[in-house]
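Participant: heads up, no residue letters with this:
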């Protein structure tokens, strides 16, 4: 007999197999010094493979509008033609070569897709003016309340617009063999559009879909992953001493309780928006930056690396101009390389339904020290973070943490049995791997 009062768990299992232990790397093509940047970016792929990433996210590749343009180059999110490759980046052949080279290395490529709005001079404005939203006076309008004066909103009440946008999404999967999309302001576009588009894309090949949004129901049919904005905001407040670890409990409680089993959240300490408008990860997180990076990789969620992080990029990158990064070896790159190798080797740290859930490891300093275990039948990680500006002493008594471990920091073998006491410096973390 079916118990109608016991609903099935809300489970998200659509992910392509190759996303199992993936980390994502975002490429802002304006990091390069000259035109033809897809070809220049292609040269970076072996290095990114060695770093340990799996999914390459390219910011919008399309021709950029000129009307009401911001800055010299304009915003790549002001799309003039959904079927074009911007001359600033190269040609369709260059994009295909980039994707082919990535695939040859076992990497996957997703494109940034801007479905909510277009540039003012997109041909759709004159060809299909009925596809656009209007303001109180009947004029085309930018997205309300934002300062996005270089774009105007589309109206998804129009069936023909939905068909056009779905076909444009399918075109790049078919024509360039790309592997999915990061969907800009996904929550501003009706969910049923995304649900249908995902189904049609999957008929071509299994794709990976990332929503720039934070909502449970996006995971039901359309999206593999959504943004962990609350995680970022909580980590920022922790780093600035504005809250305690209890706020981090709230994020993970909501992630496990409200989001679907197997639903992925994207975690990172910066991206193109945060870097350009709010500050570098060093400005935002200060002395807590390394601990925040570590948590972004080993907790439930897929880690994001924004281009330049691995080179210790110290500056805010200009959004509307070309702003090259100085590529150089850096300790942050070494840290990411080691962390991503650990993630791939330790199945407890895998993404979605493949990985193990986080279990709180209770300690005697719960407002300052964040600690948890992830374990399955094969692997285990016990993690401890002092998310405070003061030294902390933390006592552990649960048998949950018992085991024979290798310390991530130096490879030292340590056996924990019957309890543990740790003396932690400000922002210090300990990883025990079994």
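Facilitator: Structure received. Bear in mind that the values here come from a model prediction, so they are computed numbers and not experimental data.
Participant: every contact and neighbour count from this point should use C-alpha atoms.
Facilitator: Fine.
Participant: after the helix or strand of the chain with the lowest mean pLDDT, which helix or strand is next? Please name it.
Facilitator: For the chain, scoring each helix and strand by mean pLDDT, DSSP states H and E identifies helix 37-42 as the least confident one, at a mean of 92. Once helix 37-42 ends, the next helix or strand along the chain (criterion: DSSP states H and E) is helix 45-51.
Participant: buried ones in that next one, by neighbour count?
Facilitator: Judged by neighbour count (16 or more other Cα atoms under 10 Å), helix 45-51 contains these buried residues: 45, 48-49, 51.
Participant: the residue nearest to residue 236 when sequence neighbours are not counted and residue 434, how far apart?
Facilitator: Nearest residue to residue 236, sequence neighbours excluded (Cα to Cα, 6 or more residues apart in numbering): residue 285, at 6.0 Å. According to Cα to Cα, to the nearest Å, residue 285 and residue 434 sit 29 Å apart.
Participant: again with residue 32
Facilitator: 41 Å.
Participant: what's the answer for residue 183, then?
Facilitator: 37 Å.
Participant: try residue 141
Facilitator: For residue 141, the distance to residue 434 - Cα to Cα - is 56 Å.
Participant: again with residue 105
Facilitator: 29 Å.
Participant: out of those two, which sits in the busier spot?
Facilitator: Each of residue 105 and residue 434 has its neighbours counted (other Cα atoms under 10 Å); residue 434 has more, 18 against 15.
Participant: wait, what's in contact with the more buried one?
Facilitator: The contact partners of residue 434, by Cα atoms under 8 Å, 6 or more residues apart in numbering, come to 379-381, 403-406.
Participant: quick one: buried ones out of these?
Facilitator: Counted by 16+ other Cα under 10 Å, the contacts of residue 434 give 380-381, 403, 405-406 as buried.
Participant: restricted to strands, list these.
Facilitator: 380-381, 403, 405-406 (DSSP state E).
Participant: tell me which of the residues you listed is nearest to residue 298?
Facilitator: Residue 298 lies nearest to residue 381 out of these, by Cα to Cα, at 8.7 Å.
Participant: quick one, what contacts that closest one?
Facilitator: Here residue 381 is in contact with 348, 373-375, 431-434 (Cα under 8 Å, 6+ apart).
Participant: in strands only, show me those.
Facilitator: Per DSSP E, these map to strands at 373-375, 431-433.
Participant: now restrict those residues to buried residues only.
Facilitator: Neighbour-count burial (16+ other Cα under 10 Å) applied to those gives 373-375, 431-433.
Participant: of those, closest to residue 420?
Facilitator: Nearest to residue 420 among these, with distances taken as Cα to Cα, is residue 432, at 12.3 Å.
Participant: what separates the closest one from residue 371, distance-wise?
Facilitator: Distance from residue 432 to residue 371, by Cα to Cα: 11 Å.
Participant: pLDDT averaged over the longest helix belonging to the chain - what is it?
Facilitator: Longest helix in the chain by number of residues, with DSSP state H as the criterion: helix 159-176. Average pLDDT, helix 159-176: 98.
Participant: identify the residues contacting that helix?
Facilitator: Counting by Cα under 8 Å, 6+ apart, 82-83, 92, 95-96, 99, 115, 131, 155-156, 178-180, 193, 197, 200-201, 204-205 sit against helix 159-176.
Participant: same check on stretch 293-301?
Facilitator: Contacts for stretch 293-301 (Cα under 8 Å, 6+ apart): 264-269, 302-304, 339-340, 343, 349, 351-352, 355, 357-358.
Participant: residue 90 against residue 42, yeah?
Facilitator: No. The criterion here is Cα atoms under 8 Å, and residue 90 misses it with residue 42 at 11.6 Å.
Participant: out of the buried ones among the contacts of residue 434, the closest to residue 25 would be?
Facilitator: Closest to residue 25 out of the buried ones among the contacts of residue 434 is residue 381 (24.1 Å), distances taken as Cα to Cα.
Participant: and the gap between the closest one and residue 400?
Facilitator: For residue 381 relative to residue 400 (Cα to Cα), the value is 11 Å.
Participant: overlap in contacts, the two.
Facilitator: Common neighbours of residue 381 and residue 400 (Cα under 8 Å, 6+ apart) are residue 373.
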